[in-house]
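Trainee: sequence plus the predicted model coming up.
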Amino acid sequence: KAGVTQTPRYLIKTRGQQVTLSCSPISGHRSVSWYQQTPGQGLQFLFEYFSETQRNKGNFPGRFSGRQFSNSRSEMNVSTLELGDSALYLCASSLVAGDDEQFFGPGTRLTVL
Amino acid sequence: QQPVQSPQAVILREGEDAVINCSSSKALYSVHWYRQKHGEAPVFLMILLKGGEQKGHEKISASFNEKKQQSSLYLTASQLSYSGTYFCGTKDSGGGADGLTFGKGTHLIIQP
């Protein structure tokens, strides 16, 4: 069974630009969560989607948004990029929402110059 | 609020035991444990739920003290493959409706 895939793996953007990251969950998984990982703040929850609905959202500004499609694939978008948005963005999928084992993808490394 | 993990780092010899702790100032509904090796994605270890239910891999042992809002991960007879950063993630009471709040991690180094 294929694992969680994320594209692109690496991305370099400049301040003010916007970016879209993509995540394909494990086949059959309907829940997708997004996390931001930085050396200073660690792993921080961004949002969780289940059956195309945002189930909950972390404490991030409105520049961070996401969506989930009917095939469970998910995208997250960051608008008006800031230097502090440089991070590893991890996507994780699980069979169901809530307290279930999450399978993480390899992440997208975003660098904002 | 972010859970506090202790110790921040630990170095062991292969075969030794370790305990990693995770504490919260808020009542907890569930505690999730993950391990991340350098340059890799986090890997699931265990979930402990209020009421005693556990989901996880058989070789992993953990406890959840609901009264103290604490969880501990027990690594016995450590192997080189246990090296990595261990994260606990918590959900507050009321469960399911919030995302995981992760601690800053415990760095574990196993030496031969």
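Mentor: In hand now; what should we look at? Numbers count the residues shown, from 1 in each chain, chains lettered A, B, ... in the order given.
Trainee: bridging residues for the closest residue to A:Gln54 other than its chain neighbours?
Mentor: Nearest residue to A:Gln54, sequence neighbours excluded (Cβ to Cβ, 6 or more residues apart in numbering or on different chains): A:Phe47, at 5.7 Å. In short, each C-beta sits where N, CA and C put it, glycine included. Per DSSP bridges, residues listed as beta-bridge partners of A:Phe47: A:Trp34, A:Lys57.
Trainee: low-confidence ranges in chain B?
Mentor: With pLDDT under 70 as the threshold, chain B has low-confidence stretches at B:58, B:93-97.
Trainee: what parts of it come near chain A?
Mentor: Proximity of chain B to chain A (Cβ under 8 Å from any Cβ of the partner chain) is limited to residues B:2, B:29-30, B:32, B:34, B:40-44, B:47, B:49, B:55, B:87, B:89, B:91, B:95-105.
Trainee: now do the strands in chain A.
Mentor: The residue ranges that make up the strands of chain A, judged by DSSP state E, are A:5-7, A:10-13, A:19-24, A:31-38, A:42-50, A:53-57, A:64-68, A:74-78, A:87-94, A:103-104, A:108-112.
Trainee: same for the first one, what does it pack against?
Mentor: In terms of contacts (3 or more Cβ pairs under 8 Å, 6 or more residues apart in numbering or on different chains; DSSP states H and E), strand A:5-7 is packed against strand A:19-24, strand A:87-94.
Trainee: please identify the deepest-packed of those.
Mentor: Burial of these is given as mean neighbour count (mean count of other Cβ atoms under 10 Å in any protein chain shown); strand A:87-94 ranks first at a mean of 24.
Trainee: tilt between that one and strand A:74-78?
Mentor: With axes from the mean of the first three to the mean of the last three Cα atoms, to 10 degrees as the criterion, the two stretches strand A:87-94 and strand A:74-78 enclose an angle of 160 degrees.
Trainee: check whether strand A:87-94 contacts chain B.
Mentor: Yes: with Cβ under 8 Å from any Cβ as the criterion, chain B is reached by strand A:87-94 at A:90, A:92.
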